[in-house]
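# could you look at this predicted model? Sequence included:
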Amino acid sequence: MPEHFDVIVVGAGLSGISAGYHLQQECPARSYCILEARETIGGTWDLFRYPGIRSDSDMYTLGYRFKPWREAKAIADGPSILKYVRDTAAEYGVDRKIRFGHMVKRASWSSADSTWTVEVEQAPARTPVRFTCNFLFMCSGYYDYAEGYRPQFADEASFGGRIVHPQFWPEDMDYSGKNIVVIGSGATAVTLVPELARQAAHVTMLQRSPTYVVSRPAEDKLANTLRKHLPAKLAYAMTRWRNVLLSMYFFRLARRKPAQVRDAIMRMAQKELGADYDVQTHFNPRYNPWDQRLCLVPDSDLFASLKAGTSSVVTDEIDRFVPDGILLKSGRTLPADIIVTATGLKMLFLAGLQVSVDGEAVNFPATLTYKGMMYSDVPNLASAFGYTNASWTLKCDLTCEYVCRLLNYMARNGYTQCTPRPEAGSVEAEDWLDFTSGYVQRALHLLPRQGTRTPWKMHQNYARDLLMLRFGRVDDGTMEFSRSTGAKAAVAAEDRSLEPVS
Ligand SMILES: Cc1cc2nc3c(=O)[nH]c(=O)nc-3n(C[C@H](O)[C@H](O)[C@H](O)COP(=O)(O)OP(=O)(O)OC[C@H]3O[C@@H](n4cnc5c(N)ncnc54)[C@H](O)[C@@H]3O)c2cc1C
């Protein structure tokens with residue numbers, strides 16, 4: 001018999017640990033486990049090891065609502081974030097619920113007994129193992145762990161140096177005194193360039209087109225002062241709300257007055273780099289602010305290295321690789337000992353899981369997302385997916401809270417199944433994400449859709465989601481609740497009818 005849990009969480013990253021915490025606190029009568037493919041906690045913050053790895057959001061919003069961030073730096077380095085996630089898991093005993101080396105491959109729903117059968121490959125021999133659960137909570141992130149996005153360039157084999165992708169940074173990488181070209185201008189590139197420039201002979205950031213880059217102090221003075229004088233939880237909550245409101249304000253401003261915001265960002269870059277620097281060519285993107293994520297740099301580190309001449313930006317296109325570097329379409333050659341392909345992530349929806357409902361494969365691009373976490377006509381399955389215009393954790397924590405409310409509502413009313421059902425013709429579909437970033441555009445055809453109105457719309461707005469998910473009705477007229485006729489589920493529902501009221 002497969003082992004059975006009320007809830008199975010997939011993934012032990014930032015979101016999966018939050019899911020474990022919320023389930024324990026808010027649904028203590030439910031059994032759960034976390035299935036994690038890797039051998040360790042932390043997901044993103046353990047996988048990425050490139051020099052300088054750090055957050056590009058402040059930790060007062062990337063941190064959990066329930067666990068204050070106490071470090072001095074608001075823009076934190078990867079190891080500190082990893083420690084925070086691991087400390088949280090240990091503090092609340094969530095780490096004891098994790099089954100490491102369990103790669104989830106398939107999930108099949110049976111309405112007759114309201115049960116998911118989850119098929120897993122267990123490391124190291126990829127041994128097939130089965131679990132069953134009543135609710136499946138995917139906290140598996142949004143990109144492919146096995147490979148990054150890596151376009152092929154002409155004549156790569158002719159290059160005499162080393163080519164590395166930031167997702168798989170080699171431990172033995174010695175780059176001191178080397179000429180390095182970093183291809184790309186996203187968050188990873190702007191993190192890597194100033195860090196590599198500390199030891200390298202020279203670092204060139206080679207971009208086809210520019211990105212908006214904004215500097216912010218690594219330390220938040222007000223937050224640190226508040227923490228000295230107020231209880232940690234109160235100080236954290238105050239800073240968190242201030243940052244949420246400020247980021248919502250700037251996002252709205254960028255949407256309403258894109259030209260002014262663009263000018264302001266460019267003026268800031270010009271001030272950082274000096275009047276002679278060609279900001280128009282290198283820091284003036286083709287898109288409007290917040291059509292893609294802004295790149296945040298702490299304490300102007302990128303600008304400082306550009307000013308010092310230890311790094312430079314080249315805006316051009318690659319013609320081909322040559323033995324000693326990269327030949328550009330302009331005819332110029334960039335000399336390189338090392339080429340870093342900071343070309344991005346490969347998005348992967350629900351970890352590429354094969355899902356079926358009553359024997360029929362679910363085609364996710366044909367589904368609509370419900371409250372940004374469930375999918376039309378797919379019962380008892382939720383996923384944690386963060387904001388594109390704010391910190392990931394803000395939405396994930398709300399999602400975890402809502403899943404617990406949903407589970408408790410079902411337990412109180414003896415339901416075993418919840419399925420979001422759109423009324424035929426009642427809602428139009430649009431792209432899941434309104435974002436022009438390459439990794440999103442490349443994956444849009446594989447993603448579900450969103451609707452043009454609540455609860456099918458992804459508002460990308462924390463305040464609005466908070467009202468809907470923390471205080472809105474669970475039985476909202478769109479979610480269909482039912483009881484299965486199967487014996488197993490009926491017994492389970494009876495057992496849980498004494499759970500606390502949320
Ligand atoms: C370099 C980098 C920097 C980032 N910086 C920020 C930032 O500053 N602010 C921000 O808001 N966001 C940032 N993000 C987005 C970031 O991924 C999220 O903030 C957050 O860490 C995601 O947490 P998660 O737990 O949802 O997913 P992940 O961290 O991706 O964790 C998912 C976990 O699920 C496991 N898993 C996946 N598939 C399976 C499977 N089939 N079976 C079992 N286990 C599985 C993985 O092994 C992993 O442990 C960044 C992303 C990257 C790559």
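Perfect, I can see it now. Numbers count the residues shown, from 1 in each chain.

# for stretch 141-149, measure first residue to last.
One end of stretch 141-149 sits 16 Å from the other (C-alpha to C-alpha, to the nearest Å).

# swap in stretch 442-451?
Its start and end residues considered, stretch 442-451 measures 20 Å (C-alpha to C-alpha).

# give the buried residues for that stretch.
Within stretch 442-451, the residues that count as buried by 16 or more other C-beta atoms under 10 Å are Ala443, Leu447, Pro448, Arg449, Gln450, Gly451. In short, each C-beta sits where N, CA and C put it, glycine included.

# tell me how many other residues crowd Asp291.
Other residues near Asp291 number 16, with proximity taken as other C-beta atoms under 10 Å.

# typo on my end, it should be Ala107
By other C-beta under 10 Å, the residues close to Ala107 number 25.

# hmm, back to that, in CSV: the buried residues of stretch 442-451, plus secondary structure.
Shown next, in CSV, are these (DSSP: H, G, I helix; E, B strand; the rest coil):
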residue, secondary structure
Ala443, helix
Leu447, coil
Pro448, coil
Arg449, strand
Gln450, strand
Gly451, strand
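
# backbone dihedrals for Arg227, please?
phi -70, psi -30 (degrees, to the nearest 10).

# who are the contact partners of the nearest residue to it once chain neighbours are set aside?
Spatially, and ignoring its direct neighbours in sequence, Arg227 is nearest to Ala235 (4.4 Å; C-beta to C-beta, 6 or more residues apart in numbering). With contact taken as C-beta atoms under 8 Å, 6 or more residues apart in numbering, Ala235 is in contact with Pro68, Ala223, Leu226, Arg227, His229.

# packing partners for the helix or strand containing the third one?
Take DSSP states H and E as the rule and Leu226 turns out to sit in helix 221-229. In this structure, helix 221-229 packs against helix 232-256, with contacts taken as 3 or more C-beta pairs under 8 Å, 6 or more residues apart in numbering; DSSP states H and E.

# quick check: mean pLDDT of the helix it packs on?
With pLDDT averaged residue by residue, helix 232-256 scores 95.

# equivalent analysis for stretch 83-97, please.
98.

# pick out the residue of the stretch 51-200 of the chain closest to the ligand.
Closest to the ligand within the stretch 51-200 of the chain is Gly141: 2.3 Å, counting by C-beta to the nearest ligand atom.

# and Met268, how many residues sit next to it?
Burial measure for Met268: 18 neighbouring residues, criterion other C-beta under 10 Å.

# ok, it touching Ser215?
Yes. Between Met268 and Ser215 there is a contact at 7.2 Å, judged by C-beta atoms under 8 Å.

# enumerate the residues of the stretch 1-150 of the chain near the ligand.
With C-beta under 6 Å from any ligand atom as the criterion, the stretch 1-150 of the chain meets the ligand at residues 10-16, 35-38, 43-44, 48, 55-57, 62, 102-104, 139-141, 145.

# sorry, slip of the keys, the one I care about is the chain.
The chain comes close to the ligand at residues 10-16, 35-38, 43-44, 48, 55-57, 62, 102-104, 139-141, 145, 188, 351, 384, 386, 391-392, as judged by C-beta under 6 Å from any ligand atom.

# so for the helix holding Leu226, what gets flagged as buried?
Ala223, Asn224, Leu226, Arg227.

# buried ones in stretch 143-157?
Of all the residues in stretch 143-157, those buried under the rule 16+ other C-beta under 10 Å are Tyr143, Asp144, Tyr145, Gly148, Tyr149, Phe153.

# dump these to CSV, plus secondary structure.
Listed next are these as CSV, based on three-state DSSP:
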residue, secondary structure
Tyr143, strand
Asp144, coil
Tyr145, coil
Gly148, coil
Tyr149, coil
Phe153, coil
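
# now for the residues you listed: which two are most distant?
Greatest spatial distance among the buried residues of stretch 143-157 (C-beta to C-beta): Tyr145 and Phe153, at 23.7 Å.

# Ala382: which element?
Per DSSP H and E, Ala382 falls inside strand 381-383.

# packing partners of the following helix or strand past that strand?
Sequence order places helix 392-413 as the next helix or strand after strand 381-383, per DSSP H and E. Packing partners of helix 392-413 (3+ C-beta pairs under 8 Å, 6+ apart): helix 14-26, helix 59-62, strand 127-138, strand 381-383, strand 417-420, helix 462-466, strand 479-482, helix 487-496.

# which elements pack onto the longest one?
In terms of contact count using 3+ C-beta pairs under 8 Å, 6+ apart, helix 14-26 is assigned the packing partners strand 3-10, strand 32-35, helix 78-91, helix 392-413.

# make it 6 Å
strand 32-35, helix 78-91, helix 392-413 (3 or more C-beta pairs under 6 Å, 6 or more residues apart in numbering; DSSP states H and E).

# next: the third one.
Other helices and strands packing on strand 127-138, by 3+ C-beta pairs under 6 Å, 6+ apart, are strand 3-10, strand 115-122, strand 381-383.

# in TSV, list those strands along with mean pLDDT.
Listed next are the helices and strands packed on strand 127-138 as TSV, based on pLDDT from 0 to 100:
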stretch	mean pLDDT
strand 3-10	98
strand 115-122	98
strand 381-383	98
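
# can you add mean neighbour count and give these back as CSV?
Shown next, in CSV, are the helices and strands packed on strand 127-138 (neighbours: other C-beta atoms under 10 Å):
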stretch, mean neighbour count
strand 3-10, 23
strand 115-122, 20
strand 381-383, 26
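
# residue ranges with poor pLDDT in the stretch 351-500 of the chain?
Applying pLDDT under 70 to the stretch 351-500 of the chain flags the ranges 486-500.

# let's see that with 90 instead.
Counting by pLDDT under 90, the stretch 351-500 of the chain shows low-confidence ranges at 388, 423-428, 431-443, 484-500.

# just to revisit the earlier point, now do the helix holding Leu226 against helix 232-256, angle only.
Here the directions of helix 221-229 and helix 232-256 differ by 160 degrees (axes from the mean of the first three to the mean of the last three C-alpha atoms, to 10 degrees).

# show me the contact partners of helix 221-229.
Ala72, Ala235, Met238, Thr239 (C-beta atoms under 6 Å, 6 or more residues apart in numbering).

# I'd say Tyr50 and Pro166 touch.
Yes. Counting by C-beta atoms under 6 Å, Pro166 is a contact partner of Tyr50 at 4.4 Å.

# circling back to that earlier point, in its sheet, what does the strand holding Ala382 sit against?
Sheet pairing of strand 381-383 (DSSP bridges) gives strand 127-138 (parallel).

# which element follows the strand it pairs with toward the C-terminus?
Later in the chain than strand 127-138, the nearest helix or strand by DSSP H and E is strand 162-164.

# which residues touch that next one?
Here strand 162-164 makes contact (C-beta under 6 Å, 6+ apart) with Ile338, Ile339, Val340.

# sec struct for the last one, please.
Following three-state DSSP, we place Val340 in the strand state.

# any idea what it is bridged to?
Here Val340, judged by DSSP bridges, has bridge partners Val164, Val182.

# verify the stated contact: it with Asn179.
No. Between Val340 and Asn179 there is no contact, the gap being 11.6 Å when judged by C-beta under 6 Å.

# tell me which of those two has more neighbours.
Comparing Val340 with Asn179 by other C-beta under 10 Å, the one with more neighbours is Val340, at 29 against 19.
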